[in-house]
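J.: Sequence first, then the predicted structure, then my questions.
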Amino acid sequence: MKSIILKDFGSVDNLTITDLPIPSLQEGEVLIRTKAISINPIDLKTRAGRGASAAFKDTDPIILGWDVSGIVETSKSDLFKTGDAVFGMVNFPGQGKAYAEYVAAPASHLALKPDNISHEAAAASSLAALTVWQILKSYAKIKKGDRVLIHAAAGGVGHYAVQMAKYLGAHVIGTSSAAKKDFVLSLGADEHIDYQKQPLEEATKDIDFVLDSLGGESIDHSLNVMKKGGTIVSIPSGLNEQVGEKAAAKGMHGFATKAYSSGTDMQEIAELLKNGQVKSHISQTFKLEQMREAHLSLETGKTQGKIVLTF
């Protein structure tokens, strides 16, 4: 099978296309013939030797990737049968090995792909959408009318966060550059903040919940506009270690968190996609052979929505 392997941690030049044997299955797994995959910032960090790289330190060859959508070729699980269209985030934060024509995946990490969405849209909505959904379920407890601030609202995580928070009844404020204002508002945001022109503290206040995908100073500025007792959840590891301590000092709640593979949560996301309550916005589509270009594009930090690769 055609695969992208990482020869060593470092630059995109270490991503190389090669042929490998089709993976064998364990009990409870299915073999997916890949139709589309998606990449995320964790892919870039891991490629560079950070992120989830510790999970690969004794692995040869290294195959990155966690987001996949495709067709079940073989099944060793009662959950799915041959021919089923499935999608999900596989084995995160371990080894998903999704940069390949065939992926061996635990069936418990997958959901059936809705018939009315493409494999590209399904792959896009795996890690990013799952991250948001798990945060909103576990930490936000959004009530109708709650004021929710989404940082980087036009990005991969952010554009799902806007839609999901609106679905739950929140008043959503999204930050982005001015160039992406119309996109953020089209997602359902009630207000837009141009982070390049206006300090956050002058732009909003009385925030009940913040989803922070930036870390660092973004945490401090967010706490300044939150209500007492409000909650902030910060995603980027390495930039959010003190979020709990900083929040507690101001009478608020702060958490650092990571997504985890869950077929149950993916099934709930599948329903949102099926019913049109959430949509994947794909800014660029590449072929597997263009993995280096895909990484470089995501590395600019200016992606609107998601980047996917097709087979």
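T.: Right, received. Where do you want to start? Residues are numbered from 1 along each chain as shown.

J.: Model confidence at the spatially most central residue of the chain, what's the number?
T.: Centroid-nearest residue in the chain, with C-alpha atoms, centre = their mean: Ala128, separated by 1.6 Å. Confidence at Ala128, expressed as pLDDT, is 97.

J.: Lys143 too?
T.: In this model, Lys143 is scored at 93, pLDDT.

J.: That one is in contact with Leu136, isn't it?
T.: No - in this structure Lys143 lies outside contact range of Leu136 using C-beta atoms under 8 Å: 12.0 Å. Any C-beta I mention is one placed from the backbone N, CA and C, and that applies to glycine too.

J.: where does the residue nearest to the centre of the chain fall, phi/psi-wise?
T.: When quoted as degrees, to the nearest 10, the phi and psi of Ala128 stand at phi -60, psi -50.

J.: rewinding a little: same drill for Lys143 and Leu136, tell me which one is more crowded.
T.: Leu136 (22 against 11; other C-beta atoms under 10 Å).

J.: Contact partners for that one?
T.: The neighbourhood of Leu136, defined by C-beta atoms under 8 Å, 6 or more residues apart in numbering, consists of Ile142, Ala161, Met164, Ala165, Leu168.

J.: Kindly indicate the member of the residues you listed with the most neighbours.
T.: Most neighbours among these, by other C-beta under 10 Å: Ala161, with 32 neighbours.

J.: Counting by contacts, list what the helix or strand hosting it packs against.
T.: Ala161 is part of helix 156-167, with elements assigned from DSSP states H and E. Contacts defined by 3 or more C-beta pairs under 8 Å, 6 or more residues apart in numbering; DSSP states H and E place helix 156-167 against helix 127-135, strand 147-150, strand 171-176, helix 181-186, strand 207-212, strand 306-310.

J.: For the host helix or strand of Lys246, buried residues please.
T.: Element membership of Lys246, judged by DSSP H and E, is helix 243-249. Neighbour-count burial for helix 243-249, counted by 16 or more other C-beta atoms under 10 Å, picks out Val243, Gly244, Lys246, Ala247.

J.: hmm, who's touching it?
T.: Asp212, Ile219, Asp220, Leu223, Thr231, Ile232, Ser234, His253, Gly254, Phe255, Ala256.

J.: ok so, going back, let me know the closest of the contacts of Leu136 to Ala85.
T.: When the contacts of Leu136 are compared for distance to Ala85 (C-beta to C-beta), Met164 wins out at 22.9 Å.

J.: Touching, that closest one and Lys279? I think so.
T.: No - in this structure Met164 lies outside contact range of Lys279 using C-beta under 8 Å: 11.2 Å.

J.: hmm, back to that, can you give me the mean pLDDT across the helix holding Lys246?
T.: For helix 243-249, the mean per-residue pLDDT is 96.

J.: now do stretch 155-166
T.: So the average pLDDT for stretch 155-166 ends up being 97.

J.: Quick check: phi and psi on the closest residue to Ala178 other than its chain neighbours?
T.: In space, and not counting its chain neighbours, Ala178 is closest to Asp194: 4.7 Å by C-beta to C-beta, 6 or more residues apart in numbering. Main-chain dihedrals, Asp194, degrees, to the nearest 10: phi -80, psi 100.
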